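In: Model the following, please.
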Amino acid sequence: MHNAARAHSVITVDPNYIHPGRAAVYLINADGPAAFVDASTPRSLAILLRALEERGLRPEQVEYVVVTHVHLDHSAGTAALLGACPNAVALVHPRGARHLAAPARLVESAKRVYGEEVFDSLYGAVEAVAAERVRTVEDGEILPLGDGELRFLHTPGHAKHHISVYDSGSNGVFTGDAFGVAYPPVQHGTRKYLLCSCTPTDFDAEAARETVRRIVDTGAERAYLTQFGPFESVK
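Out: Next up, the predicted model:
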């Protein structure tokens, strides 16, 4: 795939979740075919569609919506985005598929934390994804995208159902929350800092350490963190 090493461009889209610089969505442009990595919330749909339009892409060209994990800041907008992109399928860990098809449990849990009013302002209506629009991906599975390939890794630690994606067409790896978070306000000068994202209900420290090793071993030039933005040196 050497000739495809620079075939894909990656656009960081800020969906303005809570505030700017909080949780990115990535648009992979494979010179025709396209994919989104994570879907943010239904509130951000217009922003994501505008990102397509600004690159001369149509919603019909989106082949995949990759859900790195089903925490709502990453997945709540999946059904809305698929509704606007008629040829796309959602790609998700086998453990996460049921939550896309039946998100009520996640929604009720979040409402208990935020309350109805704040939940609505953040997420709006979180709809179920039709089963025929969901495809689970196994560890090491490869799917084509344009002249490149997406290789899926099961990357537990932050969550048991977490996946990351190595894209041969950009030599980048999309890490969700598995490689840590790097919010802009905590970055200073030329040094960047990664903070472990250790959600208490599902965090597994040993699995997280192994996941970091797997991500580094992809050989990717950069990691695309959902929270927030490209991290230029994976080594």
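
In: Now do the buried residues in the strand of greatest length in the chain.
Out: Identified as the longest strand of the chain according to DSSP state E is strand 148-154. By neighbour count, with 16 or more other CB atoms under 10 Å as the criterion, the buried positions of strand 148-154 are 148, 150-154. For every residue, glycine as well, the C-beta is placed using N, CA and C.

In: now for the helix or strand bottoming out on mean pLDDT in the chain, which elements pack on it?
Out: In the chain, the helix or strand scored least confidently by mean pLDDT, DSSP states H and E is strand 229-231, which has a mean of 74. Applying 3 or more CB pairs under 8 Å, 6 or more residues apart in numbering; DSSP states H and E, one finds that strand 229-231 contacts strand 9-13, strand 222-225.

In: let's see 7 Å
Out: Taking 3 or more CB pairs under 7 Å, 6 or more residues apart in numbering; DSSP states H and E as contact, the helices and strands that strand 229-231 lies on are strand 222-225.

In: Output the below-cut-off pLDDT ranges for this protein.
Out: Applying pLDDT under 70 to the predicted model, the residue ranges of the chain that meet it are 1-6, 157-158, 180-201, 203-207, 232-235.

In: where do the strands sit along the chain?
Out: Listed in chain order, the strands of the chain (DSSP E) span residues 9-13, 25-29, 34-37, 62-66, 89-92, 134-136, 142-145, 148-154, 163-167, 172-176, 222-225, 229-231.

In: so how many other residues sit close to the closest residue to residue 87 other than its chain neighbours?
Out: In space, and not counting its chain neighbours, residue 87 is closest to residue 60: 5.5 Å by CB to CB, 6 or more residues apart in numbering. By the other CB atoms under 10 Å criterion, the neighbourhood of residue 60 contains 13 residues.

In: Quick check, central residue of this protein?
Out: Note on the chain: the residue nearest the mean C-alpha position is residue 38, at 3.0 Å, using CA atoms, centre = their mean.

In: and it, what does it touch?
Out: Residues near residue 38 by CB atoms under 7 Å, 6 or more residues apart in numbering: 25, 66-68, 74, 176, 226.

In: what about 6 Å?
Out: Contacts of residue 38 were listed using CB atoms under 6 Å, 6 or more residues apart in numbering, and they are 25, 68, 74, 226.

In: again, but for residue 26
Out: Remark: with contacts taken as CB under 6 Å, 6+ apart, residue 26 is in contact with 10, 37, 174, 224.
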